[in-house]
Every structure is written in structure tokens, then in C-alpha cells.
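Participant: When you get a sec, could you give me coordinates for this:
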Amino acid sequence: MRSYAIGDIHGRRDLLLAAHSLIAEDRVRTHDSAAPVVHVGDYVDRGEDVPGVLDHLSAGVARGEPWVLLKGNHDRMMWRFLEEPEQAEAHHWLSGNIGGRATLAAYGIEVSCDRPFEAMRADARAAVPQAHLNLLSGLENSYRRGGVFFCHAGIRPGVALEDQTEDDLVWIRDTFLNDTRDHGALIVHGHTPVDAVTHYGNRVNLDSAAAYGGPLSAVVIEAGEVFLLTAEGRVPVRPAR
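Facilitator: Model (predicted):
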């Protein structure tokens, strides 16, 4: 059983296209056009081409590509800004270095600090294409395939995988990251930037910091093994000791 996965994209359409190209090359080598490609979320914020990322993903879904799109915390914040403005996350999205204002600016929206929330939201509702709204509204919280469980941030240890909450799946950090027990499946996630794809034995972190100038990593997982896809082919990602 083979699965592909891609880490946090954060508005880097250029890196996303390159990752999909690496997967296409591996498909040719394996004669496998059907294995799913799991995107672990955070398509928006911080990178310069959020609209381009959502265009590319929306078009692929419309074509029937075997893609699984999971929900990241940044994606949920954008959705809540657009559709659930009463939620605290909708306002948090515009604060600090989260990236919401830069994402809105990429859609041509004026985002000065003194501009009222509702004025920016009204402009966003007019500027963000329906296809992008549809994509954000249809994101999945998790995906399990065989002995691998994919999610954005991680899981709450000790809770059955089928009982995980959305809040934990898109936001959890230390409670999950510091837990070394077997979770009943290999957890493949992003959310917390690391220098390179890292295998911790019970989990694999795919977020190689594309949002901060790092690479966007694509992997293939089969027969319990994880391989980073590179221009030179597969590179094994073995558990850290």
C-alpha cells in the first residue's frame, strides 16, 4: 500500500508544483497512478501566492486527481474570517505574524491596520473565488490508510484515533510532540517547522519550513517505510535514534 504526502505549503505555489512533479516522476517509476497524495494542510498565509495555491488545488480536485486535502489551522482561520466572523480565530487570523493580512493583500484587498474588520471581510467575500471557498469548506480533518494516520498538527495521546477532535488535529503541539508512545498507527503530520522531514518512530513531521524559506517536502510511504522524494530519486527517512 503506497501513499504520497506533502508538508505545509503556505502560499508557495512554485514549491507545490515542484513537489507534484517529484510525485509524478515516482509514479512513472512505480507504474502507480492511483496512490493518494495527502496534503497535510496550511495552504494559506506567509507565502506570496495563496490564490495560486488554491487555484492549483481546486483545479486538481475538479480534474479528479487522487488528492486528499487536510485542514490546517491557518486554513481554518481563513475560513472562519470569511464565513464565521463571530469566532475568535477569525480575528486572530489578522494579528501578529499569522499571515492573514498578507493573504488578503494577495487577493488585492487593502489591509491597513486602521481598516475596520468588517470592511476587509466584505472585500474578501467579494474577491475570494467561490472555488477557493468550496475548497476550504471541504477540507478533511484526518485520513487513515492502513497503518498510517495523516493529520495537520497531531493527535491527543491516549484518545482513539477515530475520537480525535478537530481542535487537536489542527492545533496540538507539545502534548503530542513530547509523547513517545505507540499511537496505534504512524502519525504523519506538519504544523511544527523542522529543518527536514524527521521520523521519530511513532510519528513523521513533514513541515520543513516552506513558510520560512525552507523546502516543501514530499514523501512516499509504503511497506512501513518513508522515503523523501528528490530530483535524484528516493531517500530513506529512518527513525531518529
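Participant: For the chain, which segments are assigned as helices?
Facilitator: Ranges of helices within the chain are 13-30, 50-63, 73-83, 88-92, 100-106, 117-127, 130-137, 166-171, 174-177, based on DSSP state H.
Participant: Looking at those helices, spot the one closest to Arg144.
Facilitator: Closest approach to Arg144 among the helices of the chain is made by helix 166-171 (12.0 Å; Cβ to Cβ). For the C-beta atoms, the positions are set from N, CA and C on the backbone; glycine is no exception.
Participant: okay, the helices of the chain, which one's buried deepest?
Facilitator: Mean neighbour count, computed with mean count of other Cβ atoms under 10 Å, is highest for helix 73-83 among the helices of the chain, reaching a mean of 23.
Participant: Show the average pLDDT along that helix.
Facilitator: Helix 73-83 carries an average pLDDT of 98.
Participant: Over stretch 16-34, what's the mean pLDDT, rounded is fine.
Facilitator: The pLDDT scores in stretch 16-34 average 98.
Participant: follow-up on the earlier one: of all the helices of the chain, which one comes closest to Thr230?
Facilitator: Using Cβ to Cβ, the helices of the chain put helix 13-30 closest to Thr230, at 7.1 Å.
Participant: And the average pLDDT for stretch 220-240 is what?
Facilitator: For stretch 220-240, the mean pLDDT works out to 96.
Participant: Report the buried residues of that stretch.
Facilitator: 220-222, 226-229, 234, 237 (16 or more other Cβ atoms under 10 Å).
Participant: need those residues in JSON lines with distance to Gly7, can you?
Facilitator: Converted to JSON lines, the buried residues of stretch 220-240 look like this (distance: Cβ to Cβ, whole Å):
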{"residue": "Val220", "distance to Gly7": "13"}
{"residue": "Ile221", "distance to Gly7": "13"}
{"residue": "Glu222", "distance to Gly7": "18"}
{"residue": "Val226", "distance to Gly7": "12"}
{"residue": "Phe227", "distance to Gly7": "14"}
{"residue": "Leu228", "distance to Gly7": "11"}
{"residue": "Leu229", "distance to Gly7": "12"}
{"residue": "Arg234", "distance to Gly7": "16"}
{"residue": "Val237", "distance to Gly7": "12"}
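Participant: Greatest separation within the residues you listed: which pair is it?
Facilitator: Across the buried residues of stretch 220-240 (Cβ to Cβ), the longest gap, 13.2 Å, separates Glu222 and Leu228.
Participant: Tyr4 and Val37 touch, don't they?
Facilitator: Yes: counting by Cβ atoms under 8 Å, Tyr4 touches Val37, with 4.4 Å between them.
Participant: Give me the common contacts of these two.
Facilitator: Ile23 (Cβ atoms under 8 Å, 6 or more residues apart in numbering).
Participant: residue contacts, the closest residue to Asp49 other than its chain neighbours?
Facilitator: In space, Asp49 comes closest to Arg13 once its chain neighbours are excluded; the distance is 4.3 Å by Cβ to Cβ, 6 or more residues apart in numbering. Contacts here follow Cβ under 8 Å, 6+ apart; on that basis Arg13 touches 47, 49, 52-53, 55-56.
Participant: Mind pulling up the pLDDT for the most centrally placed residue in the chain?
Facilitator: Compute the mean C-alpha point of the chain, and by Cα atoms, centre = their mean the closest residue is Gly41, 1.7 Å away. According to the prediction, Gly41 has pLDDT 98.
Participant: residues contacting it?
Facilitator: By Cβ under 8 Å, 6+ apart, Gly41 lies in contact with 8, 69-75, 139, 152, 170, 190-191.
Participant: could you redo the last one with a cut-off of 7 Å?
Facilitator: 8, 70-72, 75, 152, 190 (Cβ atoms under 7 Å, 6 or more residues apart in numbering).
Participant: Select only the buried ones of those residues in ChimeraX?
Facilitator: Selection of buried members from these for ChimeraX, criterion 16+ other Cβ under 10 Å:
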select :8,70,71,72,75,152,190
